[in-house]
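Chemist: got a predicted structure plus its sequence, pasted below:
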Amino acid sequence: MHCELIVPALIPPALPAALEARYPALELLLARGRRLSAESRTLEQWLHAAFEQSGATLAAGALAAPEPADGWWARADPVHLRLLRDRAVVIPGEAMEISQAEADGLAAALNLHFADTVQFHTLDPRRWTVRLKAEKHFLEKNPALEAAGRDVATSGGNEALLTEIQMLLHAHPVNEAREARGEPVVNSLWLWGGGQPPRAAAGPWRSVAADDPSALGLAQLAGMRRLDLPSSAEAWLGLLPEDGRHLVVLDALRAPAVLEQQAEYEEGVESLERRWFAPLLGALRAQRIGMLTVRVPDTEPGAGFETVRGDLRRFWRRRRPIGSYA
């Protein structure tokens, strides 16, 4: 069995190269594995290529849409825009505490106002989709995490719909309550990943485990077994057959790494070490799995580390801190 892990932001350039924390299992896999190189890509770009999608960008909205997903869709994720003189700084939903009740209340108000023009759906408090009547050209290509903490323009393009959305959100009781509590308000939506539902997808995996809606949507489209992300590698392996190639998307590090929150990043890697890397290293040693690949698509260039049991005997390749791979 070949287990493949996609772990964006595992080696983020924004964090110091010499991190104090050490992760024995992960460091061993990176040191002893055979290094693979590829074009640097975001997770969405990697999924687009890996599942053989057409078009310029991943149709993330349609892939996450409820059934049936006809028409033209986009992701519409809640964000806070910190307004400056002629630009705004993006704070993604992943950096805010948003309850399901708050998300549902905001989405309901938007649906009531726009009626048949657009239709919003909340996948969870931080990830929404929207169905539009026609293609909109002001959509972003990447999720808000890719623009977190950066300046974005506040004018240009066809923004009538987005401006109306922002006005409605500004006056909503949910945001009035958030402001009274001193919490950042949800004052805009990040519209990205637009397109019609893809007709097909293909890839080498028998199953895909993920929390990411696009990855699960692509797995379903390709006829692969789709699994909600298990709590650990042991739980994951217990769901798999003894052969074939299987993919798991571990994207929990994206928010703290992009936002340069080092303590949260190190805590996230420690959690992955304990729940995923150490058990998979043990499974590799015990020949429970035949090959383990760890891919970090958003390094420069994109990195991969492919390890079989025999590679673990290469003792001369010593462990080193993961920050040194940046």
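Modeler: Cool, the structure landed.
Chemist: close enough to count as contact, Ser99 and Pro125?
Modeler: Yes: look at Ser99 against Pro125 with CB atoms under 8 Å: they come within range, at 6.1 Å. For the C-beta atoms, the positions are set from N, CA and C on the backbone; glycine is no exception.
Chemist: so these two - more neighbours on which side?
Modeler: Neighbours per residue (other CB atoms under 10 Å) separate Ser99 from Pro125, with Pro125 holding more: 19 against 10.
Chemist: report the contact partners of the more buried one.
Modeler: Neighbour list for Pro125: 78, 93, 98-100, 102-103 [criterion: CB atoms under 8 Å, 6 or more residues apart in numbering].
Chemist: what about the strands in the stretch 101-250 of the chain?
Modeler: 118-124, 127-132, 151-153, 188-195, 207-210, 225-228, 245-249 (DSSP state E, counting those that start in this stretch).
Chemist: mean neighbour count and mean pLDDT added to those, as TSV?
Modeler: Output for the strands of the stretch 101-250 of the chain, formatted as TSV (neighbours: other CB atoms under 10 Å; pLDDT from 0 to 100):
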stretch	mean neighbour count	mean pLDDT
strand 118-124	17	94
strand 127-132	23	93
strand 151-153	13	69
strand 188-195	24	92
strand 207-210	23	98
strand 225-228	15	96
strand 245-249	22	98
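Chemist: dump the ones you listed to CSV, plus distance to Arg87.
Modeler: Shown next, in CSV, are the strands of the stretch 101-250 of the chain (distance: least, CB to CB, whole Å):
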stretch, distance to Arg87
strand 118-124, 26
strand 127-132, 24
strand 151-153, 4
strand 188-195, 13
strand 207-210, 34
strand 225-228, 38
strand 245-249, 32
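Chemist: which one of those lies closest to Arg320?
Modeler: strand 245-249 (24.8 Å; CB to CB).
Chemist: quick one: strands adjacent to that closest one?
Modeler: strand 2-6 (parallel), strand 207-210 (parallel) (DSSP bridges).
Chemist: name the next helix or strand downstream of that strand, please.
Modeler: As assigned by DSSP states H and E, the chain's next helix or strand after strand 245-249 is helix 254-258.
Chemist: contacts for stretch 163-181, please.
Modeler: Taking CB under 8 Å, 6+ apart as the rule, stretch 163-181 contacts 81, 102, 105-106, 109-110, 113, 184-189.
Chemist: wait, stretch 213-229
Modeler: By CB under 8 Å, 6+ apart, stretch 213-229 touches 44, 47, 51, 53, 58, 60, 62-64, 123, 127, 193, 198, 200-203, 205-211, 236, 239, 247-250.
Chemist: follow-up on the earlier one: show me the contacts of Pro125 that map onto strands.
Modeler: Here DSSP state E is the test, and the contacts of Pro125 give Pro78 as lying in strands.
Chemist: identify, by residue count, the longest helix of the chain.
Modeler: helix 100-114 (DSSP state H).
Chemist: which helices and strands sit right next to that one?
Modeler: Where contact means 3 or more CB pairs under 8 Å, 6 or more residues apart in numbering; DSSP states H and E, helix 100-114 is packed against strand 118-124, helix 160-170, helix 173-180.
Chemist: quick check, distance from that helix to the centre of its chain.
Modeler: In terms of CA atoms, centre = their mean, to the nearest Å, the centre of helix 100-114 is found 24 Å from the chain centre.
Chemist: how about the helices and strands packed on helix 100-114, which one is nearest Pro143?
Modeler: strand 118-124 (12.9 Å).
Chemist: CA atoms of that closest one as PDB?
Modeler: Output of strand 118-124 as PDB, limited to C-alpha atoms (Å, rounded to 0.1, in the frame of the first residue of the first chain):
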ATOM      1  CA  VAL A 118     -27.800  34.500  -5.900                       C
ATOM      2  CA  GLN A 119     -28.000  31.800  -3.300                       C
ATOM      3  CA  PHE A 120     -25.500  31.300  -0.400                       C
ATOM      4  CA  HIS A 121     -24.900  28.000   1.400                       C
ATOM      5  CA  THR A 122     -22.800  27.600   4.600                       C
ATOM      6  CA  LEU A 123     -20.600  24.500   4.500                       C
ATOM      7  CA  ASP A 124     -19.300  25.400   7.900                       C
END
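Chemist: low-confidence stretches in the stretch 101-250 of the chain?
Modeler: 137-138, 153-158 (pLDDT under 70).
Chemist: OK, contacts around the residue positioned nearest the centre of the chain?
Modeler: Computing the C-alpha centroid of the chain and ranking residues by CA atoms, centre = their mean puts Asp251 first, at 5.1 Å. Asp251 sits next to 6-9, 43, 210-212 when contact means CB under 8 Å, 6+ apart.
Chemist: at 6 Å what do you get?
Modeler: The contact partners of Asp251, by CB atoms under 6 Å, 6 or more residues apart in numbering, come to 8, 43, 212.
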